[in-house]
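[1] Predicted model, plus sequence, below.
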Amino acid sequence: MSGLLTSARWRELADDLPESPDAVRALVVAYLALLPLRTLALTRALHAGDAVAVRTAALSLHVGSAMVGAHLLADRCHAVERHVAAQGCDQDAARSVEAARDAADATGRVLVALLRRCDELVAHAPDGLDPAR
């Protein structure tokens, strides 16, 4: 997946969760609250040279991001996981973490805007989201 976000995942969540779209909204709000903390944990682990902590933080961001349809961030975190597992906390890992941080920033901004359209997105869930709409 190369797109920043897809709301199709929101529709799937709505199908699985009772009381949607409120449940979907609550999940996205919780994700947004944890996003800066998880991103900071990833950065700190890299600066400490702790490959296990980097992989753990990247996995946490990867899974949570995939759950809310933030595929670009999920993909970048998965790349961090793979790289650090194979090569450790080198300069390429630092560049991968920076790319993940950039994706996290963009994801957070777009999700905040999309929360205003949560009811519509859960009801209709197009395959891709256009943040400009």
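    Alright, I've got the coordinates.

[2] Buried residues, the helix or strand harbouring residue 30. List them.
    Taking DSSP states H and E as the definition, one finds residue 30 inside helix 22-48. Buried positions in helix 22-48, judged by neighbour count with 16 or more other C-beta atoms under 10 Å: 24-25, 27-28, 31, 35, 38-39, 41-43, 45-46. The C-beta positions use only the backbone N, C-alpha and C, and glycine is treated the same way.

[3] Rounded mean pLDDT for stretch 120-133, please.
    When the per-residue pLDDT values of stretch 120-133 are averaged, the result is 52.

[4] Please report the distance of the residue nearest to residue 17 when sequence neighbours are not counted from residue 113.
    For residue 17, ignoring the flanking residues on the chain, the nearest one in space by C-beta to C-beta, 6 or more residues apart in numbering is residue 23 at 3.8 Å. Residue 23 sits at a distance of 20 Å from residue 113 (criterion: C-beta to C-beta, to the nearest Å).

[5] try residue 72
    For residue 72, the distance to residue 113 equals 16 Å [C-beta to C-beta].

[6] more neighbours, those two?
    Between residue 72 and residue 113, counting by other C-beta atoms under 10 Å, residue 72 is the more crowded of the two (22 against 13).

[7] Now name the helix or strand holding the more buried one.
    helix 71-87.

[8] Which residue, neighbours along the chain excluded, lies closest to residue 53?
    Of all residues not flanking residue 53 in the chain, residue 45 sits nearest, at 3.5 Å (C-beta to C-beta, 6+ apart).

[9] so the one you found touches residue 59, yeah?
    No - distance between residue 45 and residue 59: 11.4 Å, which falls outside the contact criterion (C-beta atoms under 8 Å).

[10] any weak-confidence spans in the chain?
    1-2, 7, 20, 119, 121-133 (pLDDT under 70).

[11] Centre-most residue in it?
    By C-alpha atoms, centre = their mean, the mean C-alpha position of the chain lies nearest to residue 65, the distance being 2.7 Å.

[12] Report the contact partners of that residue.
    Contacts were defined as C-beta atoms under 8 Å, 6 or more residues apart in numbering; by that measure residue 65 touches 31, 71, 73-74, 77, 107.

[13] No further questions, thank you.
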